[in-house]
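Colleague: any chance you can model this:
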Amino acid sequence: MTEIYPYKHILVAVDGSKITSNVLESAIDSALRNHASLDILRIVQVTQLTDGYSNAALSNEETYNIVKTTKERLDDLKKRAVDAGVEDVNVHIRFGNPKRVIAHEFPSDHNTDLIVLGATGVSGLERFVLGSVTHYVSRMAKCDVLVVRKNDHVN
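Modeller: Modelled structure (predicted):
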(Lines give C-alpha, C1' and ligand atoms only; values in the text may rest on other atoms or scores of the structure.)
Protein backbone atom coordinates (compact mmCIF):
# COMPACT_ATOMS: atom_id res chain seq x y z
CA MET A 1 0.00 0.00 0.00
CA THR A 2 1.36 3.41 -0.97
CA GLU A 3 1.39 5.99 1.78
CA ILE A 4 -0.42 9.22 1.00
CA TYR A 5 0.86 12.47 2.46
CA PRO A 6 -1.97 14.95 2.13
CA TYR A 7 -0.07 17.98 3.40
CA LYS A 8 3.03 19.31 1.66
CA HIS A 9 3.15 22.91 2.90
CA ILE A 10 2.23 23.54 6.52
CA LEU A 11 1.87 27.01 7.96
CA VAL A 12 2.15 27.51 11.71
CA ALA A 13 1.04 30.96 12.84
CA VAL A 14 2.54 31.99 16.17
CA ASP A 15 1.80 35.00 18.30
CA GLY A 16 4.14 34.63 21.28
CA SER A 17 1.32 33.68 23.67
CA LYS A 18 1.61 30.89 26.23
CA ILE A 19 0.16 28.38 23.77
CA THR A 20 2.89 28.98 21.15
CA SER A 21 4.93 25.98 22.30
CA ASN A 22 1.94 23.63 21.97
CA VAL A 23 1.06 25.06 18.56
CA LEU A 24 4.62 24.61 17.31
CA GLU A 25 4.78 21.02 18.59
CA SER A 26 1.55 20.14 16.77
CA ALA A 27 2.87 21.70 13.58
CA ILE A 28 6.18 19.84 13.91
CA ASP A 29 4.32 16.55 14.42
CA SER A 30 2.19 17.21 11.32
CA ALA A 31 5.23 18.16 9.23
CA LEU A 32 7.10 15.02 10.27
CA ARG A 33 4.11 12.73 9.64
CA ASN A 34 3.56 14.22 6.19
CA HIS A 35 7.17 14.87 5.16
CA ALA A 36 6.05 18.46 4.62
CA SER A 37 7.72 21.84 4.64
CA LEU A 38 6.99 24.06 7.63
CA ASP A 39 6.52 27.82 7.44
CA ILE A 40 6.62 29.61 10.79
CA LEU A 41 4.80 32.92 10.55
CA ARG A 42 4.48 35.87 12.90
CA ILE A 43 2.20 38.76 12.02
CA VAL A 44 3.12 42.17 13.41
CA GLN A 45 0.17 44.53 13.72
CA VAL A 46 1.30 48.14 13.58
CA THR A 47 -1.87 49.29 15.37
CA GLN A 48 -0.94 47.09 18.34
CA LEU A 49 2.48 48.69 18.46
CA THR A 50 1.19 52.26 18.34
CA ASP A 51 -1.37 51.98 21.16
CA GLY A 52 -4.23 51.79 18.66
CA TYR A 53 -3.51 55.03 16.88
CA SER A 54 -3.34 53.82 13.32
CA ASN A 55 -1.93 57.09 12.00
CA ALA A 56 1.06 56.96 14.35
CA ALA A 57 4.21 56.01 12.46
CA LEU A 58 7.06 53.89 13.72
CA SER A 59 10.53 55.16 13.09
CA ASN A 60 12.92 53.12 10.96
CA GLU A 61 14.86 52.21 14.09
CA GLU A 62 11.72 51.04 15.92
CA THR A 63 10.68 48.95 12.93
CA TYR A 64 14.18 47.48 12.65
CA ASN A 65 14.21 46.56 16.35
CA ILE A 66 10.80 44.91 16.15
CA VAL A 67 11.80 42.86 13.12
CA LYS A 68 15.17 41.94 14.66
CA THR A 69 13.64 40.75 17.93
CA THR A 70 10.86 38.87 16.15
CA LYS A 71 13.35 37.20 13.80
CA GLU A 72 15.47 36.04 16.76
CA ARG A 73 12.42 34.46 18.40
CA LEU A 74 11.36 32.81 15.15
CA ASP A 75 14.88 31.47 14.62
CA ASP A 76 14.62 29.78 18.04
CA LEU A 77 11.36 28.15 16.95
CA LYS A 78 12.95 27.12 13.65
CA LYS A 79 15.81 25.47 15.54
CA ARG A 80 13.31 23.45 17.57
CA ALA A 81 11.66 22.22 14.37
CA VAL A 82 14.97 21.37 12.70
CA ASP A 83 16.22 19.61 15.84
CA ALA A 84 13.00 17.56 15.85
CA GLY A 85 13.76 16.40 12.29
CA VAL A 86 11.79 18.73 10.02
CA GLU A 87 13.99 19.21 6.97
CA ASP A 88 12.42 22.23 5.28
CA VAL A 89 11.67 25.06 7.73
CA ASN A 90 11.32 28.75 6.91
CA VAL A 91 10.46 31.75 9.06
CA HIS A 92 8.39 34.70 7.92
CA ILE A 93 7.44 38.07 9.36
CA ARG A 94 4.56 40.00 7.86
CA PHE A 95 2.94 43.27 8.80
CA GLY A 96 -0.81 43.49 8.53
CA ASN A 97 -4.12 42.11 9.67
CA PRO A 98 -3.54 38.58 11.05
CA LYS A 99 -6.95 37.36 9.91
CA ARG A 100 -6.37 38.24 6.27
CA VAL A 101 -2.71 37.30 6.16
CA ILE A 102 -3.18 33.87 7.78
CA ALA A 103 -6.42 32.91 6.05
CA HIS A 104 -5.81 34.32 2.57
CA GLU A 105 -2.57 36.08 1.66
CA PHE A 106 0.14 33.78 3.02
CA PRO A 107 -1.54 30.50 1.93
CA SER A 108 -2.04 31.91 -1.55
CA ASP A 109 1.62 32.98 -1.79
CA HIS A 110 3.03 29.69 -0.42
CA ASN A 111 0.57 26.98 -1.53
CA THR A 112 -0.29 26.21 2.08
CA ASP A 113 -2.50 23.16 2.52
CA LEU A 114 -2.64 23.07 6.34
CA ILE A 115 -2.73 25.98 8.78
CA VAL A 116 -1.89 25.30 12.43
CA LEU A 117 -2.72 27.95 15.02
CA GLY A 118 -3.73 28.31 18.64
CA ALA A 119 -7.30 28.43 19.90
CA THR A 120 -6.70 31.90 21.28
CA GLY A 121 -3.89 34.33 21.83
CA VAL A 122 -5.86 37.30 23.13
CA SER A 123 -7.90 38.10 26.21
CA GLY A 124 -11.68 37.70 26.30
CA LEU A 125 -12.18 41.45 25.98
CA GLU A 126 -9.85 41.69 22.96
CA ARG A 127 -11.62 38.73 21.37
CA PHE A 128 -15.00 40.43 21.90
CA VAL A 129 -13.81 43.74 20.43
CA LEU A 130 -11.58 42.49 17.62
CA GLY A 131 -13.01 39.06 16.91
CA SER A 132 -11.05 35.85 17.08
CA VAL A 133 -8.35 35.35 14.47
CA THR A 134 -8.71 31.60 14.93
CA HIS A 135 -12.46 31.73 14.39
CA TYR A 136 -12.04 33.79 11.23
CA VAL A 137 -9.25 31.59 9.82
CA SER A 138 -11.13 28.36 10.54
CA ARG A 139 -14.18 29.70 8.65
CA MET A 140 -12.49 31.49 5.76
CA ALA A 141 -9.30 29.59 4.87
CA LYS A 142 -9.47 27.50 1.71
CA CYS A 143 -7.24 24.81 3.20
CA ASP A 144 -7.50 22.63 6.29
CA VAL A 145 -7.03 24.31 9.68
CA LEU A 146 -5.76 22.59 12.83
CA VAL A 147 -6.72 24.46 15.99
CA VAL A 148 -4.51 23.66 18.98
CA ARG A 149 -5.98 24.11 22.42
CA LYS A 150 -4.02 24.92 25.55
CA ASN A 151 -2.80 21.82 27.32
CA ASP A 152 -2.65 22.69 31.04
CA HIS A 153 -0.24 19.93 31.98
CA VAL A 154 2.43 21.14 29.52
CA ASN A 155 4.75 23.87 30.82
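
Colleague: ok, now which ones touch residue 119?
Modeller: 19, 134, 147, 148, 149, 150 (CB atoms under 8 Å, 6 or more residues apart in numbering). (C-beta placed from N, C-alpha, C; glycine too.)

Colleague: hmm, 6 Å instead?
Modeller: Going by CB atoms under 6 Å, 6 or more residues apart in numbering, residue 119 touches 134, 147, 149.

Colleague: from these, list the buried ones, please.
Modeller: Buried residues within the contacts of residue 119, defined by neighbour count using 16 or more other CB atoms under 10 Å: 134, 147.

Colleague: any chance of the contacts of residue 119 in TSV, with distance to residue 82 and secondary structure too?
Modeller: TSV is the format used below for the contacts of residue 119 (distance: CB to CB, whole Å; DSSP: H, G, I helix; E, B strand; the rest coil):
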residue	distance to residue 82	secondary structure
134	26	helix
147	25	strand
149	26	coil
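
Colleague: wait, which of the contacts of residue 119 is closest to residue 101?
Modeller: Using CB to CB, residue 134 comes nearest to residue 101 of the contacts of residue 119, at 13.6 Å.

Colleague: go through the biggest helix by length in the chain and flag the buried ones.
Modeller: Longest helix of the chain, by residue count under DSSP state H: helix 60-84. If you call a residue buried by 16+ other CB under 10 Å, then helix 60-84 has these buried ones: 66, 70, 73, 74, 77, 78, 80, 81.

Colleague: which among the contacts of residue 119 gets closest to residue 36?
Modeller: When these are ranked by distance to residue 36 (CB to CB), residue 147 comes first, at 18.1 Å.

Colleague: no further questions, thank you.
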